[in-house]
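*Asks:* Would you be able to build a 3D model of this:
(3 chains)
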Amino acid sequence: MPELPEVEIIRRGLEQLAVGRAIAEVSCSEPRSFPGFSPSVASTIIGTAITTIDRRGKLLIAHLDNGYSLLIHLRMTGQLVFRPAKKRLQATREQDPFASNADDGSFGGGHPNASLIRDLPDKTTRVIFRFSDDSQLYFNDQRKFGSIRMVPRSEVADDSFMQRLGPEPLLEDFTWQELKDRLPLNSRQPVKAALLDQSVIAGIGNIYADESLFGAGIHPLRPVLSLSDNDIERLHESIRCCLQQSIDDGGSTARNYVDSQGMRGEYLDLHAKVFNRTGQTCCRCGHTIEKTRVAGRGTHICPRCQK
DNA sequence: CACTTGACCTGTCCGC
DNA sequence: TGCGGACAGGTCAAGT
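*Replies:* I've put the predicted structure just below:
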């Protein structure tokens, strides 16, 4: 479930790995993963290069030098993994970070920084971009919820999904006042549901909703209309703190998130306080972390710290 | 109108 | 061991 930090990590990785490479071939084995994909679309893409990669909320935007852009949404299980060209001579495992560790089935021999993904393509690979130097970019998506769309660059800003997105929470000019302006202050909707609403803030999903609310000491079921200015200020600070910390940690790997080189993120291990910590003791007060259900999502709280 | 639930998918995990 | 069912959660459509 890539959220803002994970998508940003992928963006930064692809900026280094994929920008500037000419696309020599593109294939799609699952129509749902690239609606409208056709030989004509492929021929439009072939021969172009990725000039820049932007992010808006959880959406990646790869601009091509042919006037089109690829809008890529990973939804829950989407991955974008770059692989360099296979070397003619087999490198030794010590030297090659992409060497297969298929024999023990663990994460790269147990090293936390080794690639989680082994040989690609695999059965979850939906779209493959091959570059002119034989390096490749794999769009993997186990559950087929993610998708790639190609739109003229001039129409990206008008895209209906883009238009509905709220502000970027990590931009300097995202103030607590703007958060207040965006929240439905007259609503009895649980504050967690509001945080998950991409038109309120762009990029927050289940993990960072839970972590941000814990950080602010706010119970996820609190109606938005019950929030004081002070609550909103603390929530604003907590959101930015959690998202930035996760980016610094390489994102969260709860299920199958990996970055553009197939690496796990470490936020959940290093800095998450409640998410996936049901039954553990709260780091702040020692009470047991509980799991409940809010807005149809699994929700992790410290019932003593969050009021 | 405000808010909640179900559908879209597949892999994993749990209890029987 | 195998099987059925719950669960995972981003987004949109449908339902209450």
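
*Asks:* any chance you could map the strands in chain A?
*Replies:* In chain A, strands defined by DSSP state E lie at A:23-28, A:50-56, A:59-64, A:68-73, A:78-83, A:125-131, A:136-141, A:147-152, A:290-294, A:297-301, listed in chain order.

*Asks:* any idea which of those strands is most buried?
*Replies:* Mean neighbour count (mean count of other C-beta atoms under 10 Å) peaks for strand A:78-83 among those, with a mean of 25. Bear in mind the C-beta positions are built from the backbone N, C-alpha and C, glycine included.

*Asks:* and the angle for it with strand A:125-131?
*Replies:* On the basis of axes from the mean of the first three to the mean of the last three C-alpha atoms, to 10 degrees, strand A:78-83 is oriented at 30 degrees to strand A:125-131.

*Asks:* in its sheet, what does strand A:78-83 sit against?
*Replies:* Applying DSSP bridges, strand A:78-83 is found paired with strand A:136-141 (antiparallel).

*Asks:* Are the strand it pairs with and DNA strand B in contact anywhere?
*Replies:* No. Among the residues of strand A:136-141, none lie within reach of DNA strand B under C-beta under 7 Å from any atom of the strand; the closest is 8.8 Å away.

*Asks:* Does that strand reach DNA strand C?
*Replies:* No. Counting by C-beta under 7 Å from any atom of the strand, DNA strand C is not contacted by strand A:136-141; separation bottoms out at 11.4 Å.

*Asks:* so how far is that strand off the chain centroid?
*Replies:* Its chain's average C-alpha position is 15 Å from that of strand A:136-141, according to C-alpha atoms, centre = their mean, to the nearest Å.

*Asks:* do you know how far the closest residue to DNA strand B within the stretch 151-300 of chain A is from A:A202?
*Replies:* Of the residues in the stretch 151-300 of chain A, the one nearest DNA strand B is A:S187, at a distance of 3.4 Å by C-beta to the nearest atom of the strand. Noted for A:S187: a distance of 19 Å to A:A202, by C-beta to C-beta, to the nearest Å.

*Asks:* Between the two, tell me which one has more neighbours.
*Replies:* In terms of neighbours (other C-beta atoms under 10 Å), A:A202 is the more surrounded of A:S187 and A:A202; the figures are 22 against 13.

*Asks:* what's the domain layout of chain A?
*Replies:* If you go by automatic domain parsing, the domain ranges for chain A are A:4-164, A:176-301.

*Asks:* Worst mean pLDDT among the ones you listed?
*Replies:* Between the domains of chain A, the lowest average pLDDT goes to domain A:4-164, which shows a mean of 86.

*Asks:* So for stretch A:162-176, what gets flagged as buried?
*Replies:* Judged by neighbour count using 16 or more other C-beta atoms under 10 Å, the buried positions of stretch A:162-176 are A:M162, A:L165, A:G166, A:P167, A:E168, A:P169, A:L170, A:F174, A:W176.

*Asks:* and which of these is nearest to A:K58?
*Replies:* Among the buried residues of stretch A:162-176, A:L165 lies closest to A:K58 (C-beta to C-beta), at 9.1 Å.

*Asks:* What are the neighbouring residues in contact with the residue nearest to the closest one when sequence neighbours are not counted?
*Replies:* Nearest residue to A:L165, sequence neighbours excluded (C-beta to C-beta, 6 or more residues apart in numbering): A:A202, at 4.3 Å. For A:A202, the contacting residues are A:L4, A:R56, A:G57, A:K58, A:L165, A:G166, A:P167, A:E168, A:P169, taking C-beta atoms under 8 Å, 6 or more residues apart in numbering as the criterion.

*Asks:* Of those residues, which belong to helices?
*Replies:* Taking DSSP state H as the definition of helices, the contacts of A:A202 contribute A:L4.

*Asks:* and DNA strand C, which of the contacts of A:A202 reach it?
*Replies:* Of the residues in these, proximity to DNA strand C by C-beta under 7 Å from any atom of the strand holds for A:G57, A:K58.

*Asks:* And the furthest pair within the contacts of A:A202?
*Replies:* Between any two of the contacts of A:A202, the greatest separation by C-beta to C-beta is 14.0 Å, found for A:K58 and A:P167.

*Asks:* which parts of the stretch 101-250 of chain A sit against DNA strand B?
*Replies:* Residues of the stretch 101-250 of chain A found near DNA strand B, taking C-beta under 7 Å from any atom of the strand as the criterion, are A:K123, A:T124, A:Q142, A:R143, A:K144, A:F145, A:P184, A:S187, A:R188, A:Q189, A:P190, A:A193.
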